[in-house]
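**Q** just a sequence and a predicted model for now, questions to come.
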Amino acid sequence: MTQQADTPQDTEKDTGQPAAPARAAAPAPRPGRFDAVRRRLPKSTFARHALAALGGLVVVFLVLELTNPFRNSQFATMSYYAIAAVGLTTLTGLNGQISLGHGALMAVGAYTTGLLLGPDADGAALPLPIVMLVAMAVTAVVGVVVGAAAARLHGPYLAGATLALAVALPGLAIYFDEWLGGEQGLRIAAPRPPDWFSDAVYFLSANETPGVKYLAYVGWITLLVVLLLMANLKRGRVGRVWQAVRDDEVAAELAGIRLGRTRVIAFVVSAACAGLAGAVLAVVVRLAAPSGFTIVLSLSLLTAVVLGGLGSFTGALLGSALLVFLTPTVTNLGTSLGLDATAAAEVAPFVYGVVLVLVMLLAPAGAVGVLRKLWHRTRGNHPGSSTRRSA
Amino acid sequence: MISRTARLAAAAVAASLALAACGAGGRPAEEDGGGATGGEAATASDVGITETTVKVGGHFPLTGVAAPGYADIPTGAKAYFDYVNANGGVNGRQIEYVYKDDAYNPTQTSQITNELVLQDQIFAMLGGLGTPTHSAVVDFLNSEGVPDLFVSSGSLLWDQPRENPNTFGWQPDYEVEGKILAQYLAQNFPQAKVGLFVQDDDFGRDGEKGARQYLESQIVTVQRYTPGNTDIAPQIAALQAAGADLVVGFAVPSYTALSQLNALRLNYKPQWAYSNVGADLTLVGSLLARFSEGAITDAGLLEGVISTSYLPNVTQKDNAWVQLFQKVWDEHGGEGELNNFRIYGMSQAYTFVSALQAAGPNPTREGIVKAVESGGKTFEGPWLAPFRFSADKHGGIAGVAVNKITGGTVTPLTDVLVTDNGSAPITPVGTPPSTPTANGIPDVQPVETG
Amino acid sequence: MQQFLNVTLTGLAQGAVYSAIALALVLIWRSTRIVNFAQGAMAMFTTYIALSLIEAGQSYWVGLLVALVSGLVLGALVERVVVRPVEGGPELNAVIVTLGLFVGFQALAAILFGSTFVSFPAPFDLRGFTVGGVNIAFTPNSIFVIAAVVVVMLALVALFRFTNLGLQMRASAFSQEVSRLLGVRVGAMLTLGWALAAVVGSLAGVLIAGGNLVSPNYMDAVVVFGFVAAVLGGLESPGGAVVGGLTIGLLLSYVSGYLGSELVALAALVILVAVLLVRPQGLFSHAAARRV
């Protein structure tokens, strides 16, 4: 009852469009001139997705090796936005639940990472991947609790409750300040690249791997894994069940789908992504502090998924990229319009607010939806008429 | 579509193989030390330094709860650098000063420090403001080898030469300030029941540590606030309920104002003493005066408040330093009047110019750190007490004077007193105050660093 | 005892403001079935308009009046221009639009008015009363806050109960189709509902700012608390919103006074979730159970 124009045909075709540079999601089968090539590709969906992810990894390698450290740090930032946005778009786009609390869930992941890694670079007892998995698991557990409550709410009630979550949760870090570091937060030692890793990178590119670049690799490899798993899930039975619940609850229930359970599972999967994103944020920012997980973060994530197009992974990547790379441009624009630095820094949020409204009014399917429409138009291949439903 | 992805992947693989072919394919057995060395002839002697410029950065709260007052600090520093640049710069180099807003938000500090170091390629960080904020980037700055000079905060974190060899404090640390303030209070209010009102982070904790050395037996309650939460009514009510008649505050200016406001609501009138950080008369007065629409009689709310100082006060119009800074501000300042925060920023800039001169004609990042360690103690400037810099001490100014706010200005209650961390005794400073050079620019000789 | 009294009285004054915000949310919910998450941001914006007038030398009362009038205009404009197209559409779209407004207004205020903390004057004395030698944290300004909210509520009751316009608004909220058939200009009524809600919100904004520090995000928590209050009251009933607001004000004040102010938002979350899960129709609503 709560969905944008996102037709069944659309979801089937939604990746593989020439929209984002580093897409790795599933290419959909489509009859036509590439049949010959397609026949040579693996039959199983997972294998095809894995191949795409591998391609993505090569692109990531090239991009990170060929850009400067500052760009690397921007890519690292983009990776955690994107991981969380992929999780959020799974929840909102596929299952029709909204969450303004994903910033708070990221905080859970980040604090878990902070507690496990500690402020001392040599003091970390566990290797980074284990720490990230634990952070993901802890957040998933929190997601069960939040999801159980959220499964019974819809629309504005769910938005309000998750908004309250986003406002409330940072208070815990201040209340338990002995343990969670209060307002100052937990300082986190940025993990150094393991020798085998920097050796491997050096072998391939003759470049050293400074900390910043390593973290960008960590973020992007995590993102590719998340995309691989999510794309698979979306294509599989689970994804279809979720979309069924989103599209028509009554019909789904008649078909034997247990609504509550489906919703909770969707929330937990989404929360797990947020937890991973929080873990990446923690090592990239080298800090888990309440000020990093304000309502602004949750709203930024929402902006990213709406901007790109709800339910589309390509859209989530595109939205995250815009958040990270467009912001400085917009800020500079503000400066060149004669605003002082402080005011100029607010131009970007202003633009995002306006864009959120405009996207909903003019193009509810987001940037990917618009591109898709243009694509179909140029190919004279009109998708089914909009099936925008009202509640 | 599938083929498009596949072709892209194939192309990417090919390209990366090509890249790998250009790569070494393995590490050379020995690597040279790398890094820029300050050779004699080189003029672009290190990152952020060219023949004609040197670039420094800073992070400050230009927005948000801590912005009132603190946002003025970089404008003061900028004005002083402009003044130096107009007078030929330092060794022919113009100082480019880039400062960015972190909104007193540690997460943002981390991001903009990335920008300053990786994108803007600053030579050194100067006066990064705030305990919670700057502590988020200390490790990064040190691991990148960026000199982290004169942090605008009195936390003890900056004085850890072993862990953070590139980081230097500047203002008297909160423990030193707390000790001197507490000693005065213990001597002059021996019967008082003391309440502490402190920020809930290292700023408050260090101050509390110093204050406890002299007031331990008199303290009846400690109340903490978190910056960002403006509801501090419960804390003030608790101070009142505990019967504290002398309240010592380690708070930022907005929270000094809020504590006064909430005390007013409760008709709570203890003797107040604030750390220098939050006791700026003009700023707190202006925050409070706005409330006065028929309510508060005048800005005399801070009348009688005890505080400390380690720089000349803007109200001391006959002080040679204030006159110099007034001239600098008139020539190069932007909007607004000279105030204590701008004097703070200018004094920091003055210290940096001294350090840059001490680092010689072609400074390196390593060189300036060494120069501050070996020459910093002797830098002369507006500060009332000398710096404590040495190879194993990165703490800033050694002491403060205790004073009282009366009739819209500050009156000294003690001489300038100096001490050190821990149980070091409190003694008078001994050296007379310094005066500016004729052109208002430091004249420090390069330090021999071996 | 003194502390209990102080905490209670502070809670009442805050509760009055939450009531006003909750009332604004309820007015909009009744007319358009939208929860306006931008309510706080819009109120913040008009409060800044008042502040710039006061800084320009106008009196507090001129500032307040202009804030209310600009609230009226802003509410009507927002409904007509950006909310109308998503009314009756997927509810997620409306939620996202109001969130977009929230982000946009906050940033615009920061651009236009700056984002440092500034103090906002109070019209009355901020010194607490002394009763029988005991100081209480209840000031003449708190009385003004409560009185102002009461006056506005009475005015709204009068409007809905005793005027033809109020009847038409109630009718449109009850059933758009029937009202349209009966010749009610439903569109205009919806616009009016948003406009009135924005006036009430603006009042809350100015009241909570009085004698405090404001910044572009000072209403963030307030609008969450207002939402909790509105849900507590059932989201349908203005009376419920008022009672809900006072309840939340008191409860949160006790949490702040006895447990710690950093737990206030968490307490609000707990109350909200508890109400939504246990008694979704709200504590004070007689309506049949309904889907939340």
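**A** Cool, the structure landed. What you are looking at is a predicted structure, and each value in this text was computed from that prediction instead of being measured.

**Q** output the contacting helices and strands for whichever helix or strand A:Val306 is part of.
**A** For A:Val306, the host element (DSSP states H and E) is helix A:295-308. If contacts are counted by 3 or more CB pairs under 8 Å, 6 or more residues apart in numbering or on different chains; DSSP states H and E, helix A:295-308 sits against helix A:69-89, helix A:102-117, helix A:155-175, helix A:313-321, helix A:347-362, helix A:366-378, helix C:91-113. Heads up, the C-betas are built off the backbone N, CA and C, glycines and all.

**Q** between the longest one and helix A:295-308, how many degrees?
**A** Pointing back at helix C:91-113 there. Calculated by axes from the mean of the first three to the mean of the last three CA atoms, to 10 degrees, helix C:91-113 forms an angle of 120 degrees with helix A:295-308.

**Q** what residues sit buried inside helix C:91-113?
**A** By neighbour count with 16 or more other CB atoms under 10 Å in any protein chain shown, helix C:91-113 contains the buried residues C:91-111, C:113.

**Q** what sits against B:Phe387?
**A** B:Trp170, B:Thr351, B:Gly376, B:Lys377, B:Phe379, B:Gly395, B:Gly396, B:Ile397, B:Ala398 (CB atoms under 8 Å, 6 or more residues apart in numbering or on different chains).

**Q** same list, the helices and strands packed on helix A:295-308, but as TSV with mean pLDDT and distance to chain B please.
**A** Shown next, in TSV, are the helices and strands packed on helix A:295-308 (pLDDT from 0 to 100; distance: least, CB to the nearest CB, whole Å):
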stretch	mean pLDDT	distance to chain B
helix A:69-89	92	4
helix A:102-117	94	10
helix A:155-175	88	5
helix A:313-321	91	12
helix A:347-362	89	12
helix A:366-378	76	11
helix C:91-113	91	7
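
**Q** nearest to A:Glu208, of those?
**A** Proximity to A:Glu208 (CB to CB) singles out helix A:69-89 among those, at 10.7 Å.

**Q** next one: phi and psi at the residue in the stretch 51-200 of chain A that chain B sits nearest to?
**A** As assessed by CB to the nearest CB, chain B sits closest to A:Gly55 within the stretch 51-200 of chain A, at 2.8 Å. Phi and psi for A:Gly55, reported as degrees, to the nearest 10, are phi -60, psi -40.

**Q** and it, how many neighbours does it have?
**A** Using other CB atoms under 10 Å in any protein chain shown, A:Gly55 has 23 other residues around it.

**Q** and it, how far from A:Leu227?
**A** Separation of A:Gly55 from A:Leu227 (CB to CB, to the nearest Å): 12 Å.

**Q** next structured bit after the helix or strand containing B:Ala79?
**A** For B:Ala79, the host element (DSSP H and E) is helix B:73-86. The helix or strand immediately downstream of helix B:73-86 is strand B:94-101, counting by DSSP H and E.

**Q** and for residue 153, the neighbour number?
**A** You didn't say which chain, so I picked chain A. Neighbours of A:Leu153 (other CB under 10 Å): 22.

**Q** I was after chain C.
**A** 19.

**Q** contacting residues for C:Leu266?
**A** A:Ala168, A:Leu169, A:Gly171, A:Leu172, A:Tyr175.

**Q** and B:Val54, by the same measure?
**A** B:Gly48, B:Val90, B:Arg93, B:Gln94, B:Ile95, B:Glu96, B:Phe123, B:Leu356, B:Pro363.

**Q** rerun at 7 Å
**A** By CB atoms under 7 Å, 6 or more residues apart in numbering or on different chains, the contact set of B:Val54 is B:Gly48, B:Arg93, B:Ile95, B:Phe123, B:Leu356.

**Q** swap in B:Gly210?
**A** By CB under 7 Å, 6+ apart, the neighbours of B:Gly210 are B:Tyr174, B:Glu175, B:Val176, B:Glu177, B:Gly178, B:Lys179, B:Ala182.

**Q** pretty sure it sits in a strand.
**A** No. Secondary structure of B:Gly210 (DSSP: H, G, I helix; E, B strand; the rest coil): helix, not part of a strand.

**Q** whichever helix or strand C:Val264 is part of: which residues count as buried?
**A** Element membership for C:Val264 (DSSP H and E) is helix C:264-278. Neighbour counts using 16+ other CB under 10 Å place C:Val264, C:Ala265, C:Leu266, C:Ala267, C:Ala268, C:Leu269, C:Val270, C:Ile271, C:Leu272, C:Val273, C:Val275, C:Leu276 of helix C:264-278 among the buried residues.

**Q** what does the stretch 101-250 of chain A put close to chain B?
**A** A:174, A:177, A:182-185, A:187, A:189, A:199, A:202-206, A:212 (CB under 7 Å from any CB of the partner chain).

**Q** ok, of the residues you listed, which come out buried?
**A** A:174, A:177, A:182-185, A:187, A:189, A:202, A:204-206, A:212.

**Q** I'd like those residues as a markdown table, with secondary structure appended.
**A** A markdown table is the format used below for these (three-state DSSP):
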| residue | secondary structure |
| --- | --- |
| A:Ile174 | helix |
| A:Asp177 | helix |
| A:Gly182 | helix |
| A:Glu183 | helix |
| A:Gln184 | helix |
| A:Gly185 | coil |
| A:Arg187 | strand |
| A:Ala189 | coil |
| A:Tyr202 | helix |
| A:Leu204 | helix |
| A:Ser205 | helix |
| A:Ala206 | coil |
| A:Val212 | helix |
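
**Q** ok, the residues you listed vs chain C, which is closest?
**A** A:Ile174 (4.1 Å).

**Q** return a PyMOL selection command for the buried portion of the contacts of B:Val54.
**A** Applying 16+ other CB under 10 Å to the contacts of B:Val54, the buried members can be selected in PyMOL as follows:
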select buried, chain B and resi 48+93+95+123+356
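
**Q** could I get the contacts of B:Val54 as CSV with pLDDT?
**A** Listed next are these as CSV, based on pLDDT from 0 to 100:
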residue, pLDDT
B:Gly48, 88
B:Arg93, 91
B:Ile95, 94
B:Phe123, 94
B:Leu356, 92
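
**Q** do you know how far B:Val328 is from B:Ala349?
**A** In terms of CB to CB, B:Val328 sits 9 Å off from B:Ala349.

**Q** now do the shared contacts for those two.
**A** With CB under 7 Å, 6+ apart as the test, B:Val328 and B:Ala349 both reach B:Tyr80.

**Q** more neighbours, those two?
**A** Between B:Val328 and B:Ala349, counting by other CB under 10 Å, B:Ala349 is the more crowded of the two (28 against 25).

**Q** which residues are in contact with the more buried one?
**A** So B:Ala349 contacts B:Ala77, B:Tyr80, B:Phe81 (CB under 7 Å, 6+ apart).

**Q** can you put those in a markdown table and add pLDDT?
**A** Formatted as a markdown table, the contacts of B:Ala349 follow (pLDDT from 0 to 100):
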| residue | pLDDT |
| --- | --- |
| B:Ala77 | 95 |
| B:Tyr80 | 95 |
| B:Phe81 | 95 |
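
**Q** out of those, which is nearest to C:Val66?
**A** B:Ala77 (39.1 Å).

**Q** can you report how many residues lie near C:Arg33?
**A** Count around C:Arg33 with other CB under 10 Å applied: 16.

**Q** against A:Leu323, how distant is the spatially most central residue of chain A?
**A** The residue lying closest to the centre of chain A (CA atoms, centre = their mean) is A:Ala85, at 2.3 Å. According to CB to CB, A:Ala85 stands 9 Å off from A:Leu323.
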